[in-house]
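sequence isn't available, so here's the structure alone:
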């Protein structure tokens, strides 16, 4: 650690930590960041630039870092684009440089820098125009490979991520002097306060300035305030937390780095995505120092003055011989203080002509500018120009200070623009830009420590008043209150490239070129040059770029304006945004009470909405799934089959007006249904199309049970809620979903009654479409005589606690009768054989007329959707109507989605006659069957069409027929 | 005739779970009756019940009455007064809901990972409807360190999965702090 000085407030010198960077072993101390440890080890070359592959070193000491992006490896995985300034050192940390090959020092793609005259802004828009097909196949992959912002790992991100919610009275964003005072004042009132700080340490600028507050070193003052805040139960300190977005209703997005600094994180999440709802918020995010655009300002060793001071004070990094290039009084004062503390400042360069200072401890050159830098991989010397003459100064570090920009992005997230402050030569936020969020301190241009402390207290007072709390009587701590005079210097005019945006390799010439080519608005310039579009979002370049643009377009800076500030303020990984939504967290799983048994029987489960249902029940020797399916169809057609149908929606509709209500939502008349009877029902949407079908059972005079399809259960529930609230809120009825309370099993087949006899003791004398309460031992259940298979069928419902055991008994009994359980595949075959529709047919575009169910729309009453269903175009021969399909060759496979055309017409959309909605192989009829929607289909039974399945490359001849293929008079299910 | 045996909602799931400072256990299912007063019948119903819970309220008496949604309360336990049918729709929901008790010093921190509710603002006892991730949730705050969490029975597995992940994360954080 040859660059390590004594001191370092952030360091624990008792704990040395080993780490690796670019395949080299190094040592640092606990408390180091990767950037500080590298600097202390004399490493200033940390990466290669995005476009020209120029050597780059660290520019800043915070999250705004544009250059020092590294790849951090852990457990065989790596994370790209980690800012070395935010990565705390831990034992065994392994980091690699990005965007270089074969090594950081010898990067082949550095040839791009030699080609830079040809690679200016927008070069690829103009260069790679032809041949057109080459863009996607050749040019874009090449450009992407050459350009670099790290690389993707290519494997799943196995690290743990977390999301969380927090609520508070006051959110204080930033824990510098402003934020600490605001939090302290609010905390003392008992208000719930969250103090979020991006750094691992509270204190902000005070940690790097080494000033005095109330007569004690600022670091000691910070420590005392922090200790008091930590002792307050109503204050939550959130270090390593960046507030990245201000959203509606006082909600802020925050990114907490939880485990990135740990050598062994165990089960600790890597990052946490917080959504913080705050009644009030104070933006105390401080200000960012801006660089000066001069030729060669991107060389490793060129840093911001504030960063040099931070590395010196916090991490005892000795920058060697330092040239300071500043344009403001704060820079000069900082240089004086650093020199007094022993830093080797070899020269202070300032463009201001009239600058006079004595006893500085270093040579001061007023009216001077840096016009060039030298050094292959790192800075060796700078060239300055003063009074028309140039000369060189040998140095290790060039510290830039072009003034300060308030960190105001969050205040602009609701679309309001900041205002220009001529005295500070920067944009400042206005009050009220985000409701409930007020900027304070340096974030609104109050730059001295004393002003920040006072402003933090005032902001807290204002917020507390709005929260109905009385602020405590507190004196403003005494601190430095120096002025801040500056002469704006956006660009040093001299030969060579002067960088504005380090992260995206944008120079002052690129901005001028954009304006020259007509992209003179700031938003167009941004997109043409990509300035401000890198992970740092132009934090150190936006101001300079628009100043240069204003200059070349002849406008003023406020006239030129800013680009739009959008969240996130700092990069947020997709893994963190999607925390919790991986694997089983992606969406809930709904499981029936028989789920475990079905899985134990080896049934593959298929999704139906959120539910999981068994597809089929395989047995040893089955050639394929269809063998199982055919067997299960046979159970139902020849003996008895059992199927868990609990997933169908069940809604209890109760009350004196329940029947009247059901008449309104169903096409049929349910109010005339006698108790213990069931009716098939159709519900229409308001636009007249079919919403869902199902049954409606009358359990008592005022007690109905509506069933829905599995997938449409919530849609129907929502529809009923809407109808009731919007059209008949005073009717005496209520409804509730009872889907979850009842486990319901279908028992279907010629032997269904016999099986039921074993379950209930005797076979109830229940007519087709009847229902009645039943008793199974101590368990009260419900029995329905309904069928979705075309066979004699029952559905037996019991409270869900008994569902698993009922299924077990039913399957055993069915197997004893030569039957067994059947899954969704068999259920589908059975219903297609009978021409029963599902949502494969009810696809949102069909009417009752299309399904051949127009007779179910009662002519004696009105219902939701009835009038609209009778509109022209919804019930005529031009409609697609449901038909059955039989292939001429019984073994020709039909699949849903295939299209139908006249026999001698080309397979073009203009000739389309309809499409297949459902298809299966029917073991009962020994042929493939299909259901289809065909233009004027009901009048075309017997006609032959050509089926074309473009997806599978199939073509065949099919004949249209009645959709009911099996037992058309329904005798098997009625008798 | 067959005899049926019951299986709880969390039958095959490993409960109770302990992670750090929190414990998650299944709640023995009580009888749950949904009570939804008909329009204009709220006062008459309240007189017979003693009181009908307003949004967020939990009334403890012979029965526990828990606000459970728009114009609906769940009665936990046996002994519903006779004759309520004239004033409200009554519906047995005993087997429809699966309940877990989350107990411990970090209970609020665990829930903060899953539920967008300001738990500070809730009295004890009180109830709230919310989403837990994507799961529908009826939350009952018993105290600052105990919360009862009810969701649809079919989602019991997902509920335990979500809770376990959140508990694990909070326990791991505690271990490093």
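In hand now; what should we look at? None of the values given here were measured: they were computed from a predicted structure.

in the stretch 1-150 of chain A, which residue sits nearest chain B?
Going by CB to the nearest CB, chain B is nearest to residue A:90 of the stretch 1-150 of chain A, at 11.8 Å. Every C-beta, even on glycine, is put in place using the N, C-alpha and C of the backbone.

how near is that residue to residue A:576?
Distance, residue A:90 to residue A:576, using CB to CB, to the nearest Å: 20 Å.

and what of residue A:498?
Applying CB to CB, the value for residue A:498 to residue A:576 is 36 Å.

likewise for residue A:633?
Distance, residue A:633 to residue A:576, using CB to CB: 49 Å.

the more surrounded of these two?
Set residue A:633 next to residue A:576 and count neighbours by other CB atoms under 10 Å in any protein chain shown: residue A:633 wins out with 25 against 22.

pLDDT score for the more buried one?
What the model reports for residue A:633 is a pLDDT of 98.

so how far is residue A:746 from it?
Look at residue A:633 and residue A:746: by CB to CB, they are 14 Å apart.

kindly report the same for residue A:106.
Between residue A:106 and residue A:746 the computed distance is 73 Å (CB to CB).

and the two? Which one has more around it.
The residue with more neighbours, out of residue A:106 and residue A:746, is residue A:746; 26 against 9, by other CB under 10 Å.

return the distance of the one helix or strand the more buried one maps to from the chain's centre.
Secondary structure from DSSP states H and E places residue A:746 in strand A:742-748. Centroid separation for strand A:742-748 versus its chain: 40 Å, with CA atoms, centre = their mean, to the nearest Å.

now for whichever helix or strand comes after that strand, which elements pack on it?
Downstream of strand A:742-748, the next assigned helix or strand under DSSP H and E is helix A:752-760. Helices and strands touching helix A:752-760, by 3 or more CB pairs under 8 Å, 6 or more residues apart in numbering or on different chains; DSSP states H and E, are strand A:771-776, strand A:793-799, helix A:803-816.

which one of these is the most hemmed in?
strand A:793-799 (a mean of 24; mean count of other CB atoms under 10 Å in any protein chain shown).

helices or strands up against that one?
Strand A:793-799 sits against strand A:742-748, helix A:752-760, strand A:779-784, helix A:803-816, with contacts defined as 3+ CB pairs under 8 Å, 6+ apart.

mind listing the strands for the stretch 451-600 of chain A?
A:499-501, A:506-507, A:590-591 (DSSP state E, counting those that start in this stretch).

do chain B as well
Along chain B, counting by DSSP state E, strands occupy B:17-19, B:22-26, B:32-37, B:58-60, B:64-69, B:72-76, B:88-92, B:97-104, B:126-132, B:135-143, B:146-152.

let's have the ones you listed in JSON lines, adding mean neighbour count, distance to residue A:660 and mean pLDDT.
JSON lines is the format used below for these (neighbours: other CB atoms under 10 Å in any protein chain shown; distance: least, CB to CB, whole Å; pLDDT from 0 to 100):
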{"stretch": "strand B:17-19", "mean neighbour count": "17", "distance to residue A:660": "49", "mean pLDDT": "96"}
{"stretch": "strand B:22-26", "mean neighbour count": "20", "distance to residue A:660": "42", "mean pLDDT": "97"}
{"stretch": "strand B:32-37", "mean neighbour count": "23", "distance to residue A:660": "17", "mean pLDDT": "98"}
{"stretch": "strand B:58-60", "mean neighbour count": "16", "distance to residue A:660": "33", "mean pLDDT": "96"}
{"stretch": "strand B:64-69", "mean neighbour count": "22", "distance to residue A:660": "24", "mean pLDDT": "97"}
{"stretch": "strand B:72-76", "mean neighbour count": "24", "distance to residue A:660": "21", "mean pLDDT": "98"}
{"stretch": "strand B:88-92", "mean neighbour count": "22", "distance to residue A:660": "15", "mean pLDDT": "98"}
{"stretch": "strand B:97-104", "mean neighbour count": "22", "distance to residue A:660": "30", "mean pLDDT": "98"}
{"stretch": "strand B:126-132", "mean neighbour count": "18", "distance to residue A:660": "29", "mean pLDDT": "97"}
{"stretch": "strand B:135-143", "mean neighbour count": "19", "distance to residue A:660": "29", "mean pLDDT": "97"}
{"stretch": "strand B:146-152", "mean neighbour count": "23", "distance to residue A:660": "30", "mean pLDDT": "98"}
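
so which of those is nearest residue A:102?
Of all the strands of chain B, the one in closest proximity to residue A:102, counting by CB to CB, is strand B:17-19 (46.6 Å).

paired strands for that closest one, with orientation please.
strand B:22-26 (antiparallel) (DSSP bridges).

ok, residue A:608 touching residue A:713?
No. Using CB atoms under 8 Å, residue A:608 is not in contact with residue A:713; the gap is 10.3 Å.

compare these two (neighbour count), which wins?
Set side by side, residue A:608 and residue A:713 show more neighbours around residue A:713, with 22 against 16, by other CB under 10 Å.

state the phi and psi torsions of the more buried one.
phi -60, psi -50 (degrees, to the nearest 10).

double-check it against residue A:720; I have them as touching.
No. Counting by CB under 8 Å, residue A:713 does not reach residue A:720; the two are 10.9 Å apart.

coming back round to it: neighbouring strands - and their directions - for the strand holding residue A:746?
Using DSSP bridges, the strands paired with strand A:742-748 are strand A:641-644 (antiparallel), strand A:793-799 (antiparallel).

using JSON lines, lay out the helices and strands packed on strand A:793-799 together with mean pLDDT and distance to residue A:351.
What follows is the helices and strands packed on strand A:793-799, written out as JSON lines (pLDDT from 0 to 100; distance: least, CB to CB, whole Å):
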{"stretch": "strand A:742-748", "mean pLDDT": "98", "distance to residue A:351": "82"}
{"stretch": "helix A:752-760", "mean pLDDT": "96", "distance to residue A:351": "96"}
{"stretch": "strand A:779-784", "mean pLDDT": "98", "distance to residue A:351": "89"}
{"stretch": "helix A:803-816", "mean pLDDT": "98", "distance to residue A:351": "82"}
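
of those, which is nearest residue A:958?
Short answer: strand A:742-748, nearest of these by CB to CB, at 28.7 Å.

ok, and what's touching the closest one?
Contact with strand A:742-748 is made by A:592-594, A:636, A:640-646, A:648, A:650, A:755-756, A:782, A:787-789, A:791-800, A:802-804, A:806-807, A:810, A:814, A:830, B:95, as judged by CB atoms under 8 Å, 6 or more residues apart in numbering or on different chains.

bridged to the most centrally placed residue in chain B, which residues?
Geometric centre of chain B, nearest residue: residue B:150, 3.6 Å, by CA atoms, centre = their mean. Residues in a beta bridge with residue B:150, per DSSP bridges, are residue B:99, residue B:138.

so who does residue A:492 touch?
A:292-295, A:369-371, A:498.

so which elements touch the longest helix belonging to chain A?
Assignment by DSSP state H gives helix A:449-466 as the longest helix of chain A. Secondary-structure packing of helix A:449-466 (3+ CB pairs under 8 Å, 6+ apart): strand A:161-173, helix A:177-188, strand A:271-283, strand A:437-439.

and it, how far from the chain's centre?
How far helix A:449-466 lies from its chain's middle: 35 Å, per CA atoms, centre = their mean.

what angle separates that helix from strand A:161-173?
Helix A:449-466 runs at 100 degrees relative to strand A:161-173, counting by axes from the mean of the first three to the mean of the last three CA atoms, to 10 degrees.

which residues does helix A:449-466 contact?
By CB under 8 Å, 6+ apart, the residues outside helix A:449-466 that reach it are A:170, A:176-183, A:185-186, A:189, A:191, A:205-206, A:209, A:211, A:213, A:218, A:280, A:282, A:284, A:438, A:440-442, A:444, A:446, A:470-471, A:474, A:476-481.

tell me the domain ranges of the chain?
With no chain named, the answer covers chain A. Domain ranges of chain A: A:1-157, A:161-287+A:406-466, A:292-401, A:490-583, A:619-647+A:741-831, A:649-737, A:876-975, per automatic domain parsing.

ah, no, chain B please
Domain assignment for chain B by automatic domain parsing gives B:17-29+B:95-176, B:32-92.
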